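1. Here is a sequence with its predicted model. Questions after.
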Amino acid sequence: MFVLGNFFSALAAVLGMVIQLFWWLIVIRALLSWVNPDPYNPVVQFIERATEPILAPLRRLFPTYRMGIDISPLVALLLLYFLKIFLVQTLLGLAMRLQ
(Lines give C-alpha, C1' and ligand atoms only; values in the text may rest on other atoms or scores of the structure.)
Protein backbone atom coordinates (compact mmCIF):
# COMPACT_ATOMS: atom_id res chain seq x y z
CA MET A 1 0.00 0.00 0.00
CA PHE A 2 2.98 2.32 0.40
CA VAL A 3 3.19 2.64 -3.40
CA LEU A 4 -0.33 4.03 -3.52
CA GLY A 5 0.54 6.35 -0.64
CA ASN A 6 3.56 7.63 -2.54
CA PHE A 7 1.41 8.11 -5.64
CA PHE A 8 -1.10 10.24 -3.74
CA SER A 9 1.72 12.22 -2.14
CA ALA A 10 3.29 12.93 -5.53
CA LEU A 11 -0.11 13.77 -7.01
CA ALA A 12 -0.73 16.25 -4.19
CA ALA A 13 2.65 17.90 -4.78
CA VAL A 14 2.09 18.25 -8.53
CA LEU A 15 -1.47 19.49 -8.04
CA GLY A 16 -0.22 22.06 -5.53
CA MET A 17 2.35 23.32 -8.04
CA VAL A 18 -0.22 23.54 -10.85
CA ILE A 19 -2.62 25.47 -8.63
CA GLN A 20 0.20 27.81 -7.59
CA LEU A 21 1.13 28.36 -11.25
CA PHE A 22 -2.44 29.27 -12.16
CA TRP A 23 -2.59 31.52 -9.08
CA TRP A 24 0.38 33.54 -10.33
CA LEU A 25 -0.87 33.62 -13.93
CA ILE A 26 -4.18 35.10 -12.78
CA VAL A 27 -2.40 37.66 -10.59
CA ILE A 28 -0.16 38.66 -13.51
CA ARG A 29 -3.16 38.91 -15.83
CA ALA A 30 -4.98 41.15 -13.36
CA LEU A 31 -1.92 43.38 -13.09
CA LEU A 32 -1.54 43.48 -16.87
CA SER A 33 -5.13 44.66 -17.21
CA TRP A 34 -4.13 47.88 -15.43
CA VAL A 35 -1.39 48.85 -17.91
CA ASN A 36 -2.80 48.12 -21.39
CA PRO A 37 -0.18 45.65 -22.70
CA ASP A 38 0.55 44.92 -26.34
CA PRO A 39 -2.05 42.25 -27.32
CA TYR A 40 0.36 40.78 -29.92
CA ASN A 41 3.08 40.08 -27.35
CA PRO A 42 3.50 36.28 -27.11
CA VAL A 43 3.81 36.38 -23.32
CA VAL A 44 0.57 38.35 -22.98
CA GLN A 45 -1.17 36.00 -25.40
CA PHE A 46 0.03 32.96 -23.44
CA ILE A 47 -1.20 34.40 -20.13
CA GLU A 48 -4.58 35.24 -21.63
CA ARG A 49 -4.99 31.81 -23.27
CA ALA A 50 -3.93 30.01 -20.09
CA THR A 51 -6.27 31.90 -17.76
CA GLU A 52 -9.31 32.39 -19.99
CA PRO A 53 -10.74 28.86 -19.40
CA ILE A 54 -10.84 29.66 -15.68
CA LEU A 55 -12.03 33.26 -15.90
CA ALA A 56 -14.65 33.00 -18.70
CA PRO A 57 -17.18 30.89 -16.74
CA LEU A 58 -16.76 33.17 -13.74
CA ARG A 59 -17.43 36.23 -15.90
CA ARG A 60 -20.74 34.69 -16.94
CA LEU A 61 -21.66 34.23 -13.27
CA PHE A 62 -20.44 37.68 -12.20
CA PRO A 63 -20.93 40.07 -15.12
CA THR A 64 -18.97 43.31 -15.00
CA TYR A 65 -21.88 45.56 -15.92
CA ARG A 66 -23.50 45.11 -12.51
CA MET A 67 -20.54 46.24 -10.45
CA GLY A 68 -18.39 48.15 -12.90
CA ILE A 69 -15.30 46.05 -12.21
CA ASP A 70 -14.29 42.54 -13.17
CA ILE A 71 -14.19 40.47 -10.00
CA SER A 72 -13.65 37.16 -11.80
CA PRO A 73 -9.88 37.12 -11.00
CA LEU A 74 -10.64 37.58 -7.31
CA VAL A 75 -13.22 34.79 -7.34
CA ALA A 76 -10.81 32.56 -9.29
CA LEU A 77 -8.06 33.17 -6.73
CA LEU A 78 -10.43 32.28 -3.91
CA LEU A 79 -11.48 29.09 -5.70
CA LEU A 80 -7.87 28.13 -6.35
CA TYR A 81 -7.04 28.75 -2.69
CA PHE A 82 -9.96 26.53 -1.66
CA LEU A 83 -8.83 23.79 -4.05
CA LYS A 84 -5.30 23.97 -2.75
CA ILE A 85 -6.42 23.60 0.84
CA PHE A 86 -9.12 21.00 0.21
CA LEU A 87 -7.71 18.77 -2.53
CA VAL A 88 -4.01 18.92 -1.71
CA GLN A 89 -4.52 18.42 2.02
CA THR A 90 -7.00 15.61 1.39
CA LEU A 91 -4.55 13.83 -0.92
CA LEU A 92 -1.71 14.28 1.58
CA GLY A 93 -3.88 12.94 4.41
CA LEU A 94 -4.84 9.96 2.28
CA ALA A 95 -1.19 9.36 1.41
CA MET A 96 -0.20 9.41 5.09
CA ARG A 97 -2.87 6.83 5.97
CA LEU A 98 -1.71 4.51 3.17
CA GLN A 99 1.96 4.57 4.09
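-> Sure, I can see it. Residues are numbered from 1 along each chain as shown.

2. Every contact and neighbour count from this point should use C-alpha atoms.
-> Will do.

3. List the contacts of residue 3.
-> Residue 3 sits next to residue 99 when contact means C-alpha atoms under 8 Å, 6 or more residues apart in numbering.

4. mind checking which helix or strand it is in?
-> helix 2-32 (DSSP states H and E).

5. Could you do residue 65 as well?
-> helix 64-67.

6. Could you do residue 51 as well?
-> helix 42-61.

7. Just name whatever secondary elements that helix is in contact with.
-> Using 3 or more C-alpha pairs under 8 Å, 6 or more residues apart in numbering; DSSP states H and E, the elements in contact with helix 42-61 are helix 2-32, helix 72-83.

8. Between those, which one is closest to residue 41.
-> helix 2-32 (11.9 Å; C-alpha to C-alpha).

9. before we move on, back to that, what's the spacing between the helix holding residue 3 and its chain's center?
-> The chain centroid and the centroid of helix 2-32 are separated by 8 Å under C-alpha atoms, centre = their mean, to the nearest Å.

10. Which positions in it come out as buried?
-> For helix 2-32, burial by neighbour count (16 or more other C-alpha atoms under 10 Å) applies to 5-6, 8-9, 11-13, 15-16, 19-20, 22-23, 25-27, 29-30.
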